[in-house]
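Visitor: quick one, structure for this:
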Amino acid sequence: MPVNVQVEKNNNESSANVIRRFTKRVQNAGIVRRMRGNRYYTRIKSANVRKMSRLKKLDKQVTYERNLKLGKIDNNRR
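Guide: This next block holds a predicted model:
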């Protein structure tokens, strides 16, 4: 989703003010944040990998709850 930001110089306006207005508009448009987010490429995990990791997480949760119920884990410890 490209966003064009355009600023025109008004009468009796310094170049510094034009640059300041431009940077404000770029920040308000969210361009800087989006570019920083795109800085590092992250590979999209396949559906099978996501499913397996979710199943592992659920298995760990069930094991933890079972051990907690049996008293093998102290609930007050953090």
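Visitor: going forward, measure contacts and count neighbours with C-alpha atoms only.
Guide: Will do.
Visitor: give the buried residues for the helix or strand of the chain with the lowest mean pLDDT.
Guide: When the helices and strands of the chain are scored by mean pLDDT, DSSP states H and E, helix 31-37 comes last with a mean of 87. Neighbour counts using 16 or more other CA atoms under 10 Å place residue 31 of helix 31-37 among the buried residues.
Visitor: report the next helix or strand after that helix in sequence order.
Guide: helix 47-70 (DSSP states H and E).
Visitor: what comes into contact with that following helix?
Guide: Contacts with helix 47-70, where a contact means CA atoms under 8 Å, 6 or more residues apart in numbering, come from 73-75.
Visitor: give the rounded mean pLDDT of that helix.
Guide: Here helix 47-70 scores 96 as its mean pLDDT.
Visitor: returning to that earlier point: so how far is the least confident helix or strand of the chain from its chain's centroid?
Guide: 10 Å (CA atoms, centre = their mean, to the nearest Å).
Visitor: fine by me, we can end here.
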